[in-house]
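S.K.: sequence isn't available, so here's the structure alone:
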């Protein structure tokens, strides 16, 4: 059964990006530290999780800042961009970006249809992730807790209503702790 999974790396103080996000610092100042665990020697990065992804939902800002670095969809699957600006789909090598202007529910519904029996990944850029969470569309939250204090930037889980979670997995490595939670309804 298809799950909607919010996935992202956060600092110990809860930031999913450092301060001053922009073209020069797509993850904010110091924010690249949040992804170093994926490229560490002996790490298989996010390959085990990536194998379960059938579609991606992301925000427009993540699209704008990420595309020059990815050069393709962030995973080789259809990607749905939450935006207020209509534009035609953008075909890439691996799949296409579809721009969704009618909200997170529509983006997730389209992603579910495209994912088949695989998971829908909500890339954990703070604003779009919170929209999907507020809409009650997330089944599971996967966080990679990175031992760094960024001291500022974008907090992933700010401003949400109280939500009960059940821990369903924890895996430790030298430079990251992987946490999995089921969202209880």
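M.R.: Great, that's in hand. These figures come from a predicted structure and were not determined experimentally. Numbers count the residues shown, from 1 in each chain.

S.K.: mind checking pLDDT for the spatially most central residue of the chain?
M.R.: Centroid-nearest residue in the chain, with CA atoms, centre = their mean: residue 123, separated by 1.4 Å. Here, the pLDDT recorded for residue 123 equals 88.

S.K.: can you tell me which residues contact it?
M.R.: 7, 8, 56, 57, 58, 59, 62, 74, 129 (CB atoms under 8 Å, 6 or more residues apart in numbering). (Each C-beta comes from the backbone N, C-alpha and C, glycine too.)

S.K.: again with residue 175
M.R.: Contacts of residue 175 (CB under 8 Å, 6+ apart): 36, 37, 40, 146, 147.

S.K.: give me the neighbour count for the last one.
M.R.: Read that as residue 147. Counted by other CB atoms under 10 Å, the residues lying close to residue 147 total 12.

S.K.: tell me, how many neighbours does the residue lying closest to it once chain neighbours are set aside end up with?
M.R.: Once flanking residues are discounted, residue 147 sits nearest to residue 12: 6.1 Å by CB to CB, 6 or more residues apart in numbering. For residue 12, the count of nearby residues is 12 (other CB under 10 Å).

S.K.: surely residue 12 touches residue 144?
M.R.: No. The criterion here is CB atoms under 8 Å, and residue 12 misses it with residue 144 at 11.6 Å.

S.K.: next, give phi and psi for the residue nearest to residue 147.
M.R.: With angles defined as degrees, to the nearest 10, residue 12 sits at phi -60, psi -30.
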